[in-house]
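> Kindly generate the corresponding structure for this input.
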Amino acid sequence: MLSDAERYKDEDEKQRQRIQSRNSLESYIFSCKQAVEDSPAGRLTDSDKATVRDKCTSEMSWLDANTLAEKDEFDDRLKECQRVCGPIMAKMHGAGSGDAGAGKGAQGGRAGGPTVEEVD
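As a prediction, the model looks like this:
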């Protein structure tokens with residue numbers, strides 16, 4: 001029994017990695033789709049929303065049709081999805097909203113909050 005376990009160890013590891021890659025792709029698709037649906041008005045253009053929705057829909061269709069694909073295929077599809085959706089997600093998540101607050105903390109070295117010494 002122990003020899004069987006060792007014999008199938010590599011195969012089990014490959015299967016685990018394949019499933020992890022599939023789950024990563026599926027998770028990215030769902031998070032992009034959900035982010036676009038919940039985006040505040042005016043953050044994204046209708047064209048950007050349509051691009052993300054279309055890409056997510058096509059990737060989910062591929063995922064459903066290719067449940068037994070290899071790890072490399074899932075990884076390639078994830079990279080392609082990130083290439084298309086990534087810039088739109090970056091724009092939506094504040095490519096301009098966080099800059100003002102970040103500059104304040106970097107200039108003076110203090111953001112105005114309590115320091116470690118004050119908290120202790």
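
> Return the distance of the most centrally placed residue in the chain relative to residue 55.
Averaging the C-alpha coordinates of the chain gives a centre point, and the residue nearest to it by C-alpha atoms, centre = their mean is residue 28 (4.2 Å). As for residue 28, its distance to residue 55 is 11 Å (criterion: C-beta to C-beta, to the nearest Å). For glycine as for every other residue, the C-beta is placed from the backbone atoms N, C-alpha and C.

> picking up where we left off before, these two touch, right, the residue nearest to the centre of the chain and residue 83?
No. Assessed by C-beta atoms under 8 Å, residue 28 is found out of contact with residue 83, at 11.6 Å.

> follow-up on the earlier one: list residues touching both of residue 28 and residue 55?
Counting by C-beta atoms under 8 Å, 6 or more residues apart in numbering, the shared contacts of residue 28 and residue 55 are 81, 85.

> following the strand or helix carrying residue 52, which helix or strand shows up next?
Here residue 52, judged by DSSP states H and E, is contained in helix 46-65. Moving toward the C-terminus from helix 46-65, the first helix or strand encountered (DSSP H and E) is helix 71-92.

> pull the helix or strand with minimum mean pLDDT from the protein.
Least confident helix or strand of the chain, by mean pLDDT, DSSP states H and E, is helix 99-108 with a mean of 43.

> what's the lengthiest helix in the chain packed up against?
The single longest helix within the chain, with elements called by DSSP state H, is helix 9-37. The helices and strands touching helix 9-37, judged by 3 or more C-beta pairs under 8 Å, 6 or more residues apart in numbering; DSSP states H and E, are helix 46-65, helix 71-92.
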